[in-house]
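> please find the sequence and the predicted model below.
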Amino acid sequence: MSCPSRRLLDTIGDKWVGLTIAALDTDGRLRFSELAARIEGVSQKLTQTLRNLERDGLVARTVTPSVPVRVDYELTPLGESLLEPICRLKEWAEAHMAEVDAARAEYDRRRG
């Protein structure tokens, strides 16, 4: 059995989880389609990501009976506690992407 922190870090480290948590940093709830529109390229991964986040207690899912049925998602207090580290990591990535791209290009050039 793996250590508890590793099990959670495996989930949090998923790229769609970080982007989903950051996208849910709003005042209120988001419908699935609104959330999907905020996360470029997420497509079919969003459903599984939201299920995993709900299972871990990071996202709450609210179903409103209507026609059609309305489903909204929002961060729980536990999920909100992840916003600062996730947003800091996102900011770091945005600030250093050019350097990372240059390092990757140099690595690939050396490897042939």
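That came through, no problem.

> in contact with the closest residue to residue 43 other than its chain neighbours: list those residues for me.
Nearest residue to residue 43, sequence neighbours excluded (C-beta to C-beta, 6 or more residues apart in numbering): residue 36, at 7.7 Å. No exception for glycine: its C-beta is placed from N, CA and C like everyone else's. By C-beta atoms under 8 Å, 6 or more residues apart in numbering, the contact set of residue 36 is 42-43, 46.

> element containing residue 36?
Applying DSSP states H and E as the criterion places residue 36 in helix 32-38.

> list the buried residues in the helix or strand where residue 88 lies.
Using DSSP H and E, residue 88 maps to helix 83-111. Judged by neighbour count (16 or more other C-beta atoms under 10 Å), helix 83-111 contains these buried residues: residue 86.

> picking up where we left off before, from the contacts of residue 36, pick the one nearest residue 58.
Distance to residue 58 across these (C-beta to C-beta) is lowest for residue 46, with 14.4 Å.
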